[in-house]
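Asker: Provide a 3D model corresponding to the input given below.
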Amino acid sequence: MLLQWYDYAIIALSLLVTLLLGLWFSRRWSRSEDFFLAGRNVTWPFIGFSLFATNISSEHFVGLAAGGHKLGLVQGGYEWIASYCILMLALVFAPQYLKHKVFTIPEYFEKRYGIEVRMSLTVYFLIMIVLTKTAVAVFAGSIVIRDLTGWGLTEIMWGIGIFTAIYTMAGGLAAVIYTDTLQAVILIAGSTVLTWVTLGEVGGWSGLVEKLEATGRLGHLSMVRPPTDPGLPFSGFLLGNFLIGGLFYWCMDQVNVQRVLGARSLNHGRGGAVFAGFLKIIPVFILVLPGVAGAVLYPTIHPNDTYSTLLRDLMPVGIRGFVIAALLAALMSSLSSTFNSGSTLVARDLVVRFRPQTTMAVQIAVGHLALIAVMVSGILCAPLVGLWPTLWDYLQEVTGYLSVPFAVAGLLGVLSRRVNRSGAMAGVAAGVLAGAFLFADSYSFFAGDPVTGSVTRTARFFTSPYMASFLHRIFIAGVISAATMILVSALGPPPREEVTRGDFWLFSRSPESEGPRPPLYADYRLWAAILFVVVTGLWVVFR
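Answerer: As a prediction, this is how the structure comes out:
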């Protein structure tokens with residue numbers, strides 16, 4: 001038996017504490033704002049931990065370890081680019097969202113562009129929540145638990161989904177954020193233990209370097225790949241991830257940004273985002289690095305099996321239960337955030353938007369029904385994830401292409417006071433069509449090597465080596481979307497007065513920015529600068 005009674009005891013204790021914490025917050029809300037945005041009273045440490053825990057789910061444990069096995073540390077490039085994206089959230093987008101006091105990101109898009117863009121983004125979010133969040137998280141986490149316990153995959157998926165739905169429905173965003181904080185600590189600690197044990201098996205850092213060099217895979221420790229790299233070129237990270245996929249995910253995705261919308265103040269929102277940026281440095285070392293070591297220890301396994309194999313073969317009983325508790329913590333953290341965001345979108349954007357007189361009780365009841373629908377839909381769609389060669393390929397590519405149109409609309413919305421409603425709608429349509437075409441042209445996801453996870457490319461039109469990476473392709477789709485948006489806006493009338501006078505402009509000042517400057521040690525600008533320097537330095541060191 002892979003797990004002993006004390007492993008199960010540790011897992012059960014973790015689940016019990018999470019459930020009790022969620023139920024505690026069920027007594028603490030009396031308004032819809034309390035349920036959906038935690039009363040707009042969340043402070044920066046909890047925002048930072050919650051942003052981190054929401055992002056790190058079971059697909060990160062499985063996907064980053066698989067990527068480390070297959071490609072090396074470069075798989076963690078998404079994590080360090082995320083730090084730059086989170087700086088954009090803190091410096092550019094958080095002031096806009098909090099100034100306009102919105103419940104949802106689609107609500108902000110309506111204020112900037114109009115009702116059509118809001119409805120389009122709401123539907124888009126709900127599709128992404130099901131296909132790229134709930135389905136991926138449930139599938140990845142359940143696979144690992146099945147491999148370690150022998151339980152049925154279907155039973156695990158439904159059990160996790162129902163358990164998470166219960167405490168999310170009970171406590172709302174407050175339960176999500178504060179359980180996220182507990183779960184973030186557990187997942188960091190558990191993953192650190194696995195990294196320590198795995199590195200010990202290969203002789204520490206020096207032993208890992210020596211063994212990789214002996215097998216001709218020293219490149220597994222490099223984070224920077226050339227523009228012609230078919231997988232993860234550094235130029236792709238900057239153009240396709242920072243400007244498109246990552247920008248949308250960290251600055252406009254309701255699931256992530258919702259905890260910033262609940263900030264006590266702009267300074268707390270910004271400080272929490274910057275704190276999350278520092279936390280995003282860690283996964284390269286506690287999630288990707290074990291996968292690199294796994295490539296030395298188990299060179300012939302399928303990359304997707306790396307995490308399960310390391311956990312099964314290297315972790316002693318007792319400690320194994322702690323690491324599984326960390327995996328469950330990450331899974332439930334992401335699912336609870338996803339469920340809560342889905343319920344908020346439906347209640348606020350599809351109900352209250354058209355029936356403002358809707359009572360709080362009805363809003364929350366609708367939110368609960370939406371939450372259940374998201375859970376059921378995500379679990380039913382989970383098997384689709386298995387069609388991709390690696391789980392991480394599915395997550396990044398599908399999310400990347402879906403991000404294009406609204407990432408461009410969001411960025412141009414703060415950079416330009418001339419982009420109007422018709423331009424936004426035309427640009428969104430162009431982004432969807434361009435992304436769909438470039439995705440279809442890039443490869444067939446049914447053709448892959450079962451051992452290496454490599455994909456057989458079948459591009460028909462764009463065969464340049466620079467177009468081999470999907471990161472370059474989503475950037476091209478973004479350029480097409482932006483050009484359409486700017487051109488159509490230029491041919492039409494200017495936007496309404498609130499836009500032209502700068503209410504949504506990047507350089508417009510918020511009321512809070514007029515106040516006294518905080519002491520240096522508490523100034524978000526200092527910590528934002530330190531974060532930028534540290535992350536940039538790490539890219540240089542591991543180039």
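Asker: Do me a favour and get the end-to-end distance for stretch 384-399?
Answerer: Taking CA to CA, to the nearest Å, the span from the opening residue of stretch 384-399 to its closing residue is 14 Å.
Asker: Rounded mean pLDDT for it, please.
Answerer: The predicted model assigns stretch 384-399 a mean pLDDT of 68.
Asker: Likewise for stretch 329-347?
Answerer: Per-residue pLDDT values over stretch 329-347 give a mean of 79.
Asker: now stretch 462-476
Answerer: Throughout stretch 462-476, pLDDT has a mean value of 89.
Asker: chain center to that stretch: distance?
Answerer: Put simply, stretch 462-476 sits 23 Å off its chain's centre (CA atoms, centre = their mean, to the nearest Å).
Asker: and if you look at stretch 280-289?
Answerer: Taking CA atoms, centre = their mean, one finds the center of stretch 280-289 at 15 Å from the center of the full chain.
Asker: Mind listing what's buried along it?
Answerer: Of the residues in stretch 280-289, those buried by neighbour count under the rule 16 or more other CB atoms under 10 Å are 280-289. Quick note: C-beta positions are derived from backbone N, CA and C, even for glycine.
Asker: what's that stretch in contact with?
Answerer: Counting by CB atoms under 8 Å, 6 or more residues apart in numbering, the neighbours of stretch 280-289 from elsewhere in the structure are 52, 55-56, 60-61, 64-65, 67-68, 73, 75-76, 79-80, 82-83, 86, 188, 191-192, 194-195, 198-199, 223, 534-535, 538.
Asker: circling back to that earlier point, list just the nearest of the buried residues of stretch 280-289 to residue 361.
Answerer: residue 280 (38.3 Å; CB to CB).
Asker: can you tell me how far that closest one sits from residue 55?
Answerer: 8 Å (CB to CB, to the nearest Å).
Asker: can you list residues touching both of those two?
Answerer: Between them, residue 280 and residue 55 share these contacting residues under CB under 8 Å, 6+ apart: residue 82.
Asker: give the contact list for the residue most central in space within the chain.
Answerer: Centre of the chain computed as the mean C-alpha position; nearest residue by CA atoms, centre = their mean is residue 55, 4.2 Å away. For residue 55, the contacting residues are 82, 256, 280, 334, taking CB under 8 Å, 6+ apart as the criterion.
Asker: Mind checking which of those residues are in helices?
Answerer: Using DSSP state H, 82, 256, 334 are the members of those that sit in helices.
Asker: Tell me how many other residues crowd the last one.
Answerer: So the one you mean is residue 334. A count of neighbours around residue 334, defined by other CB atoms under 10 Å, yields 28.
Asker: Identify the residue nearest it in space, chain neighbours excluded?
Answerer: residue 57 (3.4 Å; CB to CB, 6 or more residues apart in numbering).
Asker: hmm, back to that, closest one of the buried residues of stretch 280-289 to residue 494?
Answerer: Minimum separation from residue 494 among these (CB to CB) is found for residue 280, which lies at 38.7 Å.
Asker: From residue 371, how far off is the closest one?
Answerer: 27 Å.
Asker: Turn the buried residues of stretch 280-289 into a markdown table, including secondary structure.
Answerer: Supplementary listing: these in a markdown table, determined by DSSP: H, G, I helix; E, B strand; the rest coil:
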| residue | secondary structure |
| --- | --- |
| 280 | coil |
| 281 | coil |
| 282 | coil |
| 283 | helix |
| 284 | helix |
| 285 | helix |
| 286 | helix |
| 287 | helix |
| 288 | helix |
| 289 | helix |
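Asker: Present these as a markdown table; the columns should include distance to residue 117 and pLDDT.
Answerer: Formatted as a markdown table, the entries for the buried residues of stretch 280-289 read as follows, by distance: CB to CB, whole Å; pLDDT from 0 to 100:
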| residue | distance to residue 117 | pLDDT |
| --- | --- | --- |
| 280 | 29 | 96 |
| 281 | 34 | 96 |
| 282 | 36 | 94 |
| 283 | 33 | 93 |
| 284 | 36 | 95 |
| 285 | 40 | 94 |
| 286 | 39 | 92 |
| 287 | 36 | 91 |
| 288 | 37 | 94 |
| 289 | 41 | 95 |
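Asker: how about the residues you listed in CSV, adding distance to residue 427?
Answerer: Compiled in CSV, those are given as follows (distance: CB to CB, whole Å):
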residue, distance to residue 427
280, 29
281, 34
282, 36
283, 33
284, 34
285, 39
286, 39
287, 36
288, 35
289, 40
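Asker: Determine which two of these are furthest apart.
Answerer: The two members of those with the most space between them (CB to CB) are 280 and 289, at 14.9 Å.
Asker: Output stretch 225-243 in CSV with nothing but the alpha carbons.
Answerer: The C-alpha atoms that make up stretch 225-243 are tabulated as CSV, following Å, rounded to 0.1, in the frame of the first residue of the first chain:
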residue,chain,number,x,y,z
ARG,A,225,16.1,29.6,-25.8
PRO,A,226,16.7,31.2,-29.2
PRO,A,227,13.8,32.6,-31.3
THR,A,228,13.8,29.5,-33.6
ASP,A,229,13.2,27.2,-30.7
PRO,A,230,9.9,25.3,-31.5
GLY,A,231,8.8,25.2,-27.9
LEU,A,232,9.6,28.1,-25.5
PRO,A,233,11.9,30.8,-27.1
PHE,A,234,12.7,33.7,-24.8
SER,A,235,11.3,36.1,-27.5
GLY,A,236,8.0,34.1,-27.3
PHE,A,237,7.9,34.6,-23.5
LEU,A,238,8.3,38.4,-24.0
LEU,A,239,6.0,38.8,-27.0
GLY,A,240,3.4,36.1,-26.7
ASN,A,241,3.2,35.6,-22.9
PHE,A,242,4.1,39.0,-21.4
LEU,A,243,2.1,41.0,-23.9
